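[1] sequence plus predicted model, see below.
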Amino acid sequence: MANETFNLVIANPELVLFDEEVESLTLRSALGDAAFLAHHAPFVGEVEVCLGTVVRGQGDSFQIVIDGGLVRAGGNRVVVLANDAQLASDVEQESLRRRRQRYEERLEELDDAIAESELRSLELRGSLID
């Protein structure tokens, strides 16, 4: 017997990255780890830089790097408005190296919260391929 599903949308400011029926989503919110299932109670919260897990069903799951943002649950739908997001399987070593160098240089020039957040995101991505 199949588990119940809900509509999951993951989007960044430029495009919708994912819009499908899934069984569950786990991610790190500002309040701690959060798991979303079908018919989740209404919820709005901040998403931290994290590695989220999406379960489509019957053992089919994948991980997604979420670069912070907001999450809203209600009406059997969960929407993640991410600053950016990327499938963990799409993370590439050379691209990470170049981005990390660029943000480390920026951080040396400025005490920049955006650069610090980006470096945390890059470290998370790097841990996926190390």
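    Done, it's in. None of the values given here were measured: they were computed from a predicted structure. Numbering: from 1, shown residues only.
[2] quick one: the strands in this protein?
    Applying DSSP state E to the chain gives strands spanning 6-11, 16-22, 24-29, 32-36, 43-57, 60-74, 77-82, 85-87.
[3] can I get those strands in CSV including distance to residue 104 and mean neighbour count?
    Heads up, the C-betas are built off the backbone N, CA and C, glycines and all. Rendered in CSV, the data for the strands of the chain read as follows (distance: least, Cβ to Cβ, whole Å; neighbours: other Cβ atoms under 10 Å):
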stretch, distance to residue 104, mean neighbour count
strand 6-11, 28, 18
strand 16-22, 27, 14
strand 24-29, 24, 20
strand 32-36, 29, 14
strand 43-57, 16, 17
strand 60-74, 17, 18
strand 77-82, 23, 20
strand 85-87, 20, 17
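[4] now these as CSV including mean pLDDT and distance to residue 101?
    Below are the strands of the chain laid out as CSV (pLDDT from 0 to 100; distance: least, Cβ to Cβ, whole Å):
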stretch, mean pLDDT, distance to residue 101
strand 6-11, 97, 28
strand 16-22, 95, 26
strand 24-29, 96, 26
strand 32-36, 96, 31
strand 43-57, 93, 19
strand 60-74, 93, 18
strand 77-82, 97, 24
strand 85-87, 84, 19
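[5] just send those back as CSV, with distance to residue 118 too.
    Compiled in CSV, the strands of the chain are given as follows (distance: least, Cβ to Cβ, whole Å):
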stretch, distance to residue 118
strand 6-11, 19
strand 16-22, 18
strand 24-29, 17
strand 32-36, 23
strand 43-57, 9
strand 60-74, 8
strand 77-82, 13
strand 85-87, 13
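[6] residue 120 is nearest to which of the ones you listed?
    Across those, residue 120 has its closest neighbour in strand 43-57 (4.9 Å, Cβ to Cβ).
[7] what's the closest of the strands of the chain to residue 123?
    The nearest among the strands of the chain, by Cβ to Cβ, is strand 43-57 at 8.9 Å.
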